[in-house]
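*Asks:* based on what follows, work out the 3D shape:
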Amino acid sequence: MVKRRDGGKFDLNDYYLHPENYESIFYQYLPYLNVLIHASYWDQKYPRVVEEKYIIDNWGKPDFRLLGIGDISCDINGGVEITKTSTEVENPVLIYNPATRDYIIDLYSEGLPVLAVDILPTELPMDASTYFSSILLPYIEALLKANWKKNFNKLEIPLPLKRGTILYKGKFTPDYEYMKQFINNNQKKQ
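*Replies:* Okay, the predicted model is just below:
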């Protein structure tokens, strides 16, 4: 998503220490996207993922396919520079008008829809939360009551959990022993 300004090789540690030496290259992928969901951490010292200038310069061009942005991280003037304000759960989308550089509340207006609900990651409807809790509770209770000293074949936990257990006490469970070959092959290559 970024490259060194001097054309040198990307180094993650150097990027964290000296982000000013890097610039975003994400714009080269934008012509291929219809929707962008942005959820990465951003800080002022780092390059932006999408600059406002890119949207303004490319809006209306035939190869501009972007139909909307979901800015989950919702950093105001941040990684997605056109996120100028957060939206509410009840009214989650604003339309960014590249010609005026303003937001419009009317969903039928010309522009790029931007979803920027800053509390979106915490949104889970109460009925869904209650339902999931009631379904998961028996599994959690069974896990708490299980005797983890027993070997896997004698372990008394619900069948879906048993079938989904890949490793037990550091070893592959019977249904997943075939995976040893992938680890062994990978170790041979190193």
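*Asks:* residue 109 - how many residues pack around it?
*Replies:* 13 (other CB atoms under 10 Å). Where C-beta positions appear, they are placed from N, C-alpha and C, glycine not excepted.
*Asks:* for it, which non-adjacent residue is closest in space?
*Replies:* residue 95 (4.7 Å; CB to CB, 6 or more residues apart in numbering).
*Asks:* wait, what's in contact with the one you found?
*Replies:* 103-107, 109-114 (CB atoms under 8 Å, 6 or more residues apart in numbering).
*Asks:* can you do 7 Å?
*Replies:* Contact analysis of residue 95 by CB atoms under 7 Å, 6 or more residues apart in numbering lists 103-104, 106-107, 109, 111-113.
*Asks:* of all those residues, which comes closest to residue 63?
*Replies:* Nearest to residue 63 among these is residue 112, at 15.0 Å by CB to CB.
*Asks:* and the closest one, what does it touch?
*Replies:* When contacts are counted by CB under 7 Å, 6+ apart, residue 112 touches 55, 66, 68-69, 95-96, 98.
*Asks:* same deal with residue 44?
*Replies:* If you count contacts by CB under 7 Å, 6+ apart, residue 44 has none.
*Asks:* backbone phi and psi for it, please?
*Replies:* phi -50, psi -30 (degrees, to the nearest 10).
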